[in-house]
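Asker: when you get a sec, could you give me coordinates for this:
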Amino acid sequence: MWLFSSGPVGDRPEPREAPADVPELVELTGAVRHQLFRGRVDADRVGPVERGVVRLLDVPTGDFRDGEAIDAVAAEIAGTLSALLPAVRAPAG
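Answerer: Alright, predicted model coming up:
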C-alpha cells in the first residue's frame, strides 16, 4: 500500500516534513511509503464555507499538480508490483 496526500498550492515552498500524523499512518497501515503531491484549488467548485476559507487565508487558486512527478511515482509503484508477480510464460507448443 502507498499513501498519498495532496497539498501545497501556489509558489510556496514544499513542506520539509510530512504532516504530523503521516509517520504513524505509514506504520499502522504497513504502507511502502507516503508521497505528498502539489494540489489544486478551484474556488468555483467548492461550497461557500470553503470559498470563504480560501479567501480568508488568501489561498492561491489554480492547478499546481505536477503530472511528471505523479507519473514517476506511478511508474515506481508499477515496477514494484511487477517485480512481485511471477513471470508469465507462454505455453510450450
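
Asker: ranges for the strands of this structure?
Answerer: 2-6, 33-37, 40-41, 62-63 (DSSP state E).

Asker: any idea which helix is longest in the chain?
Answerer: Across the chain, the longest stretch assigned as helix under DSSP state H is helix 67-84.

Asker: next, the angle strand 33-37 makes with it.
Answerer: Computed by axes from the mean of the first three to the mean of the last three C-alpha atoms, to 10 degrees, the angle separating helix 67-84 from strand 33-37 equals 160 degrees.

Asker: buried set for helix 67-84?
Answerer: When burial is assessed from 16 or more other C-beta atoms under 10 Å, helix 67-84 yields no buried residues. Where you see a C-beta, it was placed from the backbone N, CA and C, and this is true even at glycine.

Asker: point out where this protein drops to low pLDDT.
Answerer: Within the chain, the stretches falling below the threshold (pLDDT under 70) are 13, 15, 87-93.

Asker: how about 90 then?
Answerer: 5-21, 36, 38, 43-44, 46, 51, 53-54, 57, 59, 81-93 (pLDDT under 90).

Asker: quick revisit: to A78, which of the strands of the chain lies closest?
Answerer: The closest of the strands of the chain to A78 is strand 2-6. By C-beta to C-beta, the value is 11.2 Å.

Asker: quick one, that closest one and helix 67-84 angle?
Answerer: 170 degrees.

Asker: returning to what we had before: deepest of the strands of the chain, which one?
Answerer: strand 33-37 (a mean of 16; mean count of other C-beta atoms under 10 Å).

Asker: what strands flank that one, and is each parallel or antiparallel?
Answerer: Sheet pairing for strand 33-37, assigned by DSSP bridges, gives strand 2-6 (parallel).

Asker: if we can go back for a sec, any chance of TSV for the strands of the chain, columns distance to P23?
Answerer: Compiled in TSV, the strands of the chain are given as follows (distance: least, C-beta to C-beta, whole Å):
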stretch	distance to P23
strand 2-6	11
strand 33-37	8
strand 40-41	26
strand 62-63	29
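
Asker: and the closest residue to E14 other than its chain neighbours, how many neighbours?
Answerer: Excluding its sequence neighbours, the residue lying closest to E14 (C-beta to C-beta, 6 or more residues apart in numbering) is P8, at 5.8 Å. Number of residues near P8 (other C-beta atoms under 10 Å) recorded here: 16.
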